[in-house]
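Asks: I would like to see how this sequence folds:
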Amino acid sequence: RFDSFIRIDSFNSNESNHRIDSFLRFIPFIAIHDSRITSTMQLVVFDLDYTIWSPEMYQLHGPVELVKAEQWLGKQKRKTPPRQVPPGSATTQKDMIVTDRRGTPITVFDGASHALSEINRMKKEDGWPIQVAISSRTDEPSWARKCMEWLVVADGTPLSKCFDQNLIEISYADKATHFESLQRKTGLEFEQMCFFDNEHWNIRGVSELGVKCFHTPDGMTRAAWEEALGSFGIDLSS
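Replies: Numbering: from 1, shown residues only. The predicted structure is shown next:
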């Protein structure tokens, strides 16, 4: 109630000035929570393999490991074009990348890096109580967790810190089951959630729950993120 902050008949008092200041500080809070949070996305869920990163865990040869980029660049056949450190391969360790035992690098899709960095900013600077989850059926959960620990997004945050730790669903259960678990944990409505996945059958199954789903057959893209924001009526350009 605004009258708890301002009394019209006491504008000249010090107490009134204090209440006016309190009310003015409260206006941004009201605007954010009424028009952007209570009526918009509150849970963003990502698949891992070929949505957050490439390649998929089942395509790797042996466990993932950190290697020096310089060492990786040196391991090439003479007749092949010179290697370059691929985009999206930045890690928590300077000048090191994540590869499998054959030297295949694991990289974060630009769209995933962008979306997660933007969510981090929304939470830190704008105070959005948005939660971020994983729904994955990856074949190698331990390798995936290592990738999450080492790989970073555009703002330098490790993937593991971009997600709420109690909202990581990695199992062979179908994705609808993952979302039912997320719903119980968060208490949110399915309509307050969005989901990104490269497999159409996952999209179809989860969308039946009422979740807003976005198919990313070529990995997470900036366009998919913008489409999701638009579907919730969110404009971050203002």
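
Asks: tell me the phi and psi of the most centrally placed residue in the chain?
Replies: Computing the C-alpha centroid of the chain and ranking residues by Cα atoms, centre = their mean puts Leu116 first, at 3.8 Å. Phi and psi for Leu116, reported as degrees, to the nearest 10, are phi -70, psi -40.

Asks: Distance check, it against Gly74.
Replies: 31 Å (Cβ to Cβ, to the nearest Å). All C-beta atoms are positioned from the backbone trio N, CA, C, and that covers glycine.

Asks: likewise Leu66?
Replies: Counting by Cβ to Cβ - Leu66 and Gly74 are separated by 16 Å.

Asks: The two: which has the busier surroundings?
Replies: Using other Cβ atoms under 10 Å as the criterion, Leu66 and Gly74 rank with Leu66 on top: 14 against 9.

Asks: isn't Ser171 right up against His178?
Replies: Yes - Ser171 is within contact range of His178, at 7.4 Å (criterion: Cβ atoms under 8 Å).

Asks: more neighbours, those two?
Replies: More crowded of Ser171 and His178, by other Cβ under 10 Å: His178, with 25 against 13.

Asks: Looks to me like the more buried one is in a strand.
Replies: No - counting by DSSP: H, G, I helix; E, B strand; the rest coil, His178 falls outside a strand, being helix.

Asks: For it, give me its contacts.
Replies: Ser135, Glu169, Ser171 (Cβ atoms under 8 Å, 6 or more residues apart in numbering).

Asks: Just the element for the second one, please.
Replies: What that stands for is Glu169. If you go by DSSP states H and E, Glu169 is part of strand 168-170.
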